[in-house]
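Q: Starting from these lines, generate the structure:
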Amino acid sequence: MGSTFFDALKKISASQLSEIVVHPERCTDLCYKAKKLCSACQQNCVTEAIKIDGDVEIDWSKCIHCGVCAAICPTEVFEIQAPSDNMILNSIGEALENELVVIECNFVNGRFQGKEKHAGSKGRKMTVPCVGRFSETFLLQSILASGDKVEFVKCTSDCIFSQGLSVVEEMGRRTEHLLKIFRTSAWKDKQKAENVDSISERRRLLRETGVKAMEILFSQSAQGEGYSPIRGKTPPHRAELIELAKMHTSPSILIERERMPFGNIKIDTGKCRLHGICASVCPTDALQFLDNNQGKELSFMLGMCVGCEACVRVCPEKALKMDEKLDLGLLSSPRKAIMEKKYRLCTSCGKQFSVKTGSDSSICPSCKRRWSAIEGYAEESSKS
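A: Purely as a prediction, here's the structure:
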């Protein structure tokens, strides 16, 4: 008893004193324990300090607080405290208009032994354990708010944390893809409104809209109002990304999903049996299942889906899949029913049965089969 208590106390103390806070309630694997659904944090941890086994366990003696787990986890189980993303973004916002903000890792800054030599950059320097800690949401925020005045020092090929390097590259690809969309969309809108031609004016406009987005996010955070009109279990960075998408994209803009942190569920209504297993494993409540005396309903909210595909993997009928294309303009759209059945009383036997929405059937399947068999027998009898 005493040993268990002190082990638990030691674990809590280590977590509270750490630069990383863990939110196990957001973990996809802990939502559904029947099978392994996600192991992104374990696979990408540069020191193999994370283990998911009934809980999110971190070996703090191995953890170097690099933050790669925070960037790679689709449901944001891990939250970096020091320095927090908001602290870094505040520093970027406080930089002078023409001042360069340089962000680099400890390996490059403190004990640089890399083969690739980087020219020293003058400006406001910030050092973090690993650049792999930054999600595509943060990278977008920093670039938009700075007007291209942020430089992330590139990783070296011989970095001792090679797994972190792959995460850096992945987040870079995602960010470039989204930034291209945001810039193109915002540029077209501004060009129409203000007839601006020069590159400098383009950067200025992007910086203005980026700073505006940052002000909104910081003010909402300080007031405890959340980051988005979308509530529920939406991860904070995801809610911020929705705000950025609303401010920087056209009402409707179709993109290839690829490996983006989004997801749009497509359902085969012919296969779905509405048992609700998919909703039970959804870590963000993007899918919700309702079963009452009126009927059953499976509803979906695009903005809350982080594309973890847990629902797809657990569906026994294989009725769900992720759409390969996604409309960014629908990220803030309301929840809608994607599959539903209503309960009715059979006019033949009086028992309750369910029908898909739109059906005008008033007889249950059992009675239909029985009456069909009787009619078939009567028809055969009349022929003989």
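
Q: Assign a three-state SS to Leu139, would you?
A: Leu139 falls in the helix class when you classify it by DSSP: H, G, I helix; E, B strand; the rest coil.

Q: wouldn't it be in contact with Val168 here?
A: No. Leu139 is beyond contact range of Val168, at 10.1 Å (criterion: Cβ atoms under 8 Å). C-betas here are computed from N, CA, C, even on glycine.

Q: Which positions in the host helix or strand of Lys51 come out as buried?
A: Lys51 is part of strand 50-52, with elements assigned from DSSP states H and E. Judged by neighbour count (16 or more other Cβ atoms under 10 Å), strand 50-52 contains these buried residues: 50, 52.

Q: same thing with stretch 30-39?
A: In stretch 30-39, counting by 16+ other Cβ under 10 Å, buried: 30-32, 37-38.

Q: got the domain boundaries for the chain?
A: What automatic domain parsing lists as the domains of the chain is 12-82, 90-250, 259-344, 346-383.

Q: Flag the shaky bits of the stretch 201-350 of the chain, pLDDT-wise.
A: For the stretch 201-350 of the chain, the stretches with pLDDT under 70 are 201-233, 248-251.

Q: hmm, 80 instead?
A: 201-234, 238-239, 242-262, 293-294, 328-329, 331-332, 350 (pLDDT under 80).

Q: quick one, strands of it?
A: Here the stretch 201-350 of the chain has its strands, by DSSP state E, counting those that start in this stretch, at 254-256, 265-267, 287-292, 295-300, 320-322, 325-327, 336-345.

Q: hey, which of the ones you listed is tucked in deepest?
A: The highest mean neighbour count among the strands of the stretch 201-350 of the chain, using mean count of other Cβ atoms under 10 Å, belongs to strand 295-300: a mean of 20.

Q: Tell me the strands beside it, with direction?
A: Here strand 295-300 has these sheet partners by DSSP bridges: strand 287-292 (antiparallel), strand 336-345 (antiparallel).

Q: In JSON lines: these, plus distance to Asn264.
A: Formatted as JSON lines, the strands paired with strand 295-300 follow (distance: least, Cβ to Cβ, whole Å):
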{"stretch": "strand 287-292", "distance to Asn264": "12"}
{"stretch": "strand 336-345", "distance to Asn264": "10"}
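
Q: need the helices for the stretch 201-350 of the chain, in chain order.
A: 236-248, 277-281, 310-314 (DSSP state H, counting those that start in this stretch).

Q: OK, contacts around the most centrally placed residue in the chain?
A: Residue closest to the average C-alpha location in the chain (Cα atoms, centre = their mean): Val306, at 2.9 Å. Residues in contact with Val306 (Cβ atoms under 8 Å, 6 or more residues apart in numbering) are 74-75, 235, 238, 261-263, 283-284, 286.

Q: Lovely, talk soon.
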